[in-house]
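> fold the following.
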Amino acid sequence: MTKVKVLTIGAIIDGHPIGSKIELEERTAKRLAAQSYVQIIDEPAPVKKESAPKKPAAKAKSKSKKKDG
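Below is the predicted model of the structure:
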């Protein structure tokens, strides 16, 4: 989970008084915002996953067959 910045507006959260700007987990911040205890100040930017550059497929090494005889 990502951290978001919130402003405490209706309760003391983790020992921080009302009016404090703190960072909380995104899930916790949304739950407390729904209960009007905090106001979310800074939403996290969506994380874009960059795919690793693809390597060309390696060719299978051919095994030479030895004949007994």
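
> low-confidence ranges in this protein?
For the chain, the stretches with pLDDT under 70 are 44-48, 52, 60, 62-69.

> helices of that one, start to end?
Using DSSP state H, the helices of the chain run over 26-34.

> does residue 6 touch residue 24 like I think?
Yes. At 5.5 Å, residue 6 counts as touching residue 24 under the criterion of C-beta atoms under 8 Å. Every C-beta, even on glycine, is put in place using the N, C-alpha and C of the backbone.

> against residue 28, how distant is residue 2?
11 Å (C-beta to C-beta, to the nearest Å).

> re the thing from before, so what sits against both of residue 6 and residue 24?
32, 38 (C-beta atoms under 8 Å, 6 or more residues apart in numbering).

> who's more crowded, residue 2 and residue 28?
Counted by other C-beta atoms under 10 Å, residue 2 and residue 28 do not tie: residue 28 has more neighbours, with 16 against 13.

> and residue 40, bridged to which residues?
For residue 40, the residues forming beta bridges with it (DSSP bridges) are residue 6.

> what about it, distance to residue 53?
36 Å.

> those two: who's more crowded?
A side-by-side neighbour count of residue 40 and residue 53, using other C-beta under 10 Å, places residue 40 first with 16 against 5.

> my read: the more buried one touches residue 29, true?
Yes. Between residue 40 and residue 29 a contact is recorded at 5.6 Å, counting by C-beta under 8 Å.

> overlap in contacts of these two?
4, 6.

> residues touching residue 17, list them.
residue 8.

> same question for residue 37.
If you count contacts by C-beta under 8 Å, 6+ apart, then residue 37 has 8-11, 13 around it.

> tell me which of those is nearest to residue 19?
Minimum separation from residue 19 among the contacts of residue 37 (C-beta to C-beta) is found for residue 8, which lies at 6.5 Å.
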